[in-house]
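Peer 1: any chance you can model this:
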Amino acid sequence: MQTVAVGIFCKTPAAGVSKTRLSPPLRPEDCARLSACFIRDLAGTIAGLVPEGGVAPYAIYTPAGTERELRALLPAGFRLLAQSGKDFGARLLGAMDELLHAGHAGAIVVNADSPTLPAAILRDAVAAVRARDCVALSPAADGGYTLIGLSRRHAGLFRDIPWSTPRVYRLTLARAAEIGVPVAAVPGWYDVDDRKTLALLEAELAGERLPFAAGLAGAPAPATRRFLAARRAPVRAEAAW
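Peer 2: Modelled structure (predicted):
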């Protein structure tokens, strides 16, 4: 069976450049630590699919020269693929090209900001790109997408998209219709990139139901859970005084 590549699209965490929209409430060094937790947890979820067969795990990373630091966050068996391209769309397309040219039956690129992304969403995307020529899309709550998957190259999906805006998912659907690529819609999830979505993550990990989860349970995200629990611990200690 040909494998489907599933890659985390990420920056190797570093203070001052990782998750900067979370500072405040977090300090820059804690933003980097949380980003590392996100990568660990998402990589763990992807690694859990490997024994089921047909999945090849990747980290699609930047900047060059940080391979050692990144490998420390990843389970054994992950391959590294450096990002290349002048803008976000070019880097996404470049990653798709590299993975498809490597001989995989399909390629799925996953946002690194979704530590509780359910394995079921990844399974649906893998099945979709394995079954036919399509674009698999998981909408994000902020209007972007959590993952995109292809079994063939469709460069038009990545051109002239206003990245990091609430229009990304909608415009990608429209672009797919324009170029005649069928869309395999998989369930949506959310990215953690600001104070509001950090609060949503904490609520989810505390057991609250997500309004858009459609009956799906989030991944356990143990590293993220430990980080957030440790962050709350000093607050509880001060309150006891």
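
Peer 1: give me the three-state assignment for residue 146.
Peer 2: When classified by DSSP: H, G, I helix; E, B strand; the rest coil, residue 146 comes out as strand.

Peer 1: middle-most residue in this protein, spatially?
Peer 2: Per Cα atoms, centre = their mean, the C-alpha nearest to the average position across the chain is that of residue 111, at 2.2 Å.

Peer 1: and the gap between it and residue 190?
Peer 2: Using Cβ to Cβ, to the nearest Å, one gets 10 Å for the distance from residue 111 to residue 190. (C-beta placed from N, C-alpha, C; glycine too.)

Peer 1: returning to what we had before: which residues does the residue nearest to the centre of the chain bridge with?
Peer 2: residue 9 (DSSP bridges).

Peer 1: OK, contacts around it?
Peer 2: By Cβ atoms under 8 Å, 6 or more residues apart in numbering, the contact set of residue 111 is 9, 140, 144-147, 191.

Peer 1: 10 Å - rerun?
Peer 2: 8-10, 38, 42, 117, 138, 140, 144-148, 189-193 (Cβ atoms under 10 Å, 6 or more residues apart in numbering).

Peer 1: tell me where this protein has helices.
Peer 2: 28-47, 67-71, 88-101, 119-131, 168-179, 195-205, 222-240 (DSSP state H).

Peer 1: poorly predicted segments of this structure, please.
Peer 2: Across the chain, the ranges flagged by pLDDT under 70 are 234-241.

Peer 1: I figured residue 172 hits residue 135, correct?
Peer 2: Yes - contact status for residue 172 versus residue 135: in contact at 7.6 Å, counting by Cβ atoms under 10 Å.

Peer 1: so for these two, which sits in the more crowded spot?
Peer 2: residue 135 (24 against 21; other Cβ atoms under 10 Å).
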